[in-house]
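Undergrad: Here is a sequence together with a model predicted from it:
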Amino acid sequence: MPVEEFVAGWISGAVGLVLGHPFDTIKVRLQTQNTYQGIVDCILKTYRHESVLGFFKGMSFPIASVALVNSVLFGVYSNTLLALTATSHQERRAQPPSYTNIFIAGCTGGLLQAYCLAPFDLIKVRLQNQTEPRMQIGSSQPRYRGPVHCAASILREEGPQGLFRGSWALVLRDTPTLGMYFVTYEGLCRQYTPEGQNPSSATVLVAGGFAGIASWITATPFDVIKSRMQMDGLKGRKYRGMLDCMASSFQQEGIGVFFKGMTLNSARAFPVNAATFLSYEYLLSLWR
Ligand SMILES: CN(C)C(=N)NCCC[C@H](N)C(=O)O
């Protein structure tokens, strides 16, 4: 089993993660708290109340976990394609796999990465939603002191299954959308690259950016439900399950609730995924 894809997936994921985290924090807050009037209001309140550090809350755990999560995504994707088409990453420019095989490999990578991501994503979302400023004497203390304390508290208060709260919504968010992610990336690369050649850096950047946007636009409805399920349990249980969360969010806030955070998801998706694919392709070309 080639391991280069796992390593390249890990490093490229870390690059994208740091770039996109501030967008992600604002998005999570808008999806789960009704106290903000919109993106600008949320940015201003976060900055005034918590300084620039507020935008980077909850980032340490994703940085630690990106090794596992992104390497699973890219590694499983590439190795599934290898199993389906008997071509390695290098051979795929000369013998391009069908879009059906790319979609199946992307869905497989997405499904497995969702399971690895679930507990890390839950901790990230809980920490991102803590709006107390850090280290100010006299101000109220946040519930969780950091990622390890957060994980230990969830285990104690909600049991091991508490760490997987929202994982069904996460699986539904990531399985088909990651199939689409790789199909969009490959489709755009093929469109703008002469046959048999490797795509230029500009093509990789644009194709990666648009693959990110296309996948995040379609992922947003389940992203909202996932974030709400992950926050449920913090102060008792509000929802009886994923379907109940969907129904009651819809009843209370209308159809628009499923599109909360879509603008931010798309704005974040372009730079994050352009950088992710560029570093991924670059690293693989170094090891060729
Ligand atoms: C729509 N979804 C879930 C994705 N496209 N996921 C792939 C993740 C790529 C990058 N780390 C990111 O966070 O955008």
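TA: On my side now, so go ahead.
Undergrad: switch to C-alpha atoms for all contacts and neighbour counts from now on
TA: OK.
Undergrad: which parts of stretch 47-62 are buried?
TA: Buried residues in stretch 47-62, counting neighbours by 16 or more other C-alpha atoms under 10 Å, are found at E50, G54, F55, F56, K57, G58, M59, F61, P62.
Undergrad: Compute the first-to-last residue distance for that stretch.
TA: 22 Å (C-alpha to C-alpha, to the nearest Å).
Undergrad: Need the phi and psi values for S51.
TA: Here is the backbone geometry of S51 (degrees, to the nearest 10): phi 60, psi -170.
Undergrad: For it, give its distance to I43.
TA: Separation of S51 from I43 (C-alpha to C-alpha) stands at 10 Å.
Undergrad: F222 now?
TA: 23 Å.
Undergrad: repeat for V125
TA: For V125, the distance to I43 - C-alpha to C-alpha - is 17 Å.
Undergrad: So the two - more neighbours on which side?
TA: V125 (23 against 20; other C-alpha atoms under 10 Å).
Undergrad: Would you map the strands across this structure?
TA: Ranges of strands in the chain, per DSSP state E: none exist.
Undergrad: Show me what from the stretch 101-250 of the chain comes close to the ligand.
TA: Residues of the stretch 101-250 of the chain found near the ligand (C-alpha under 6 Å from any ligand atom) are D174, T177, L178, Y181, G212, S215, W216, A219.
Undergrad: Of all pairs in the residues you listed, which one is the farthest apart?
TA: Spanning the widest gap among these are D174 and G212, at 12.1 Å by C-alpha to C-alpha.
Undergrad: neighbours of the closest residue to I63 other than its chain neighbours, just the number please.
TA: Nearest residue to I63 in three dimensions, chain neighbours excluded: A14, at 6.2 Å (C-alpha to C-alpha, 6 or more residues apart in numbering). Using other C-alpha under 10 Å, A14 has 21 other residues around it.
Undergrad: Low-confidence regions, the stretch 51-200 of the chain specifically.
TA: Residue ranges of the stretch 51-200 of the chain with pLDDT under 70: 134-139.
Undergrad: still on that earlier bit, need the per-residue pLDDT for the residue nearest to I63.
TA: At A14 the predicted local distance difference test score is 82.
Undergrad: which ones are touching it?
TA: I63, V66, A67 (C-alpha atoms under 8 Å, 6 or more residues apart in numbering).
Undergrad: quick one: which of those residues sit in helices?
TA: I63, V66, A67 (DSSP state H).
Undergrad: Neighbour-wise, which one of those residues leads?
TA: Taking other C-alpha under 10 Å as the neighbour criterion, V66 ranks highest of the ones in helices among the contacts of A14 with 23 neighbours.
Undergrad: residue contacts, that one?
TA: Contact analysis of V66 by C-alpha under 8 Å, 6+ apart lists W10, G13, A14.
Undergrad: now with 10 Å?
TA: 9-17, 72, 116-117, 120 (C-alpha atoms under 10 Å, 6 or more residues apart in numbering).
Undergrad: now C245, nearest residue through space, not along the chain?
TA: Leaving aside its chain neighbours, C245 sits nearest to Y239 (5.4 Å; criterion: C-alpha to C-alpha, 6+ apart).
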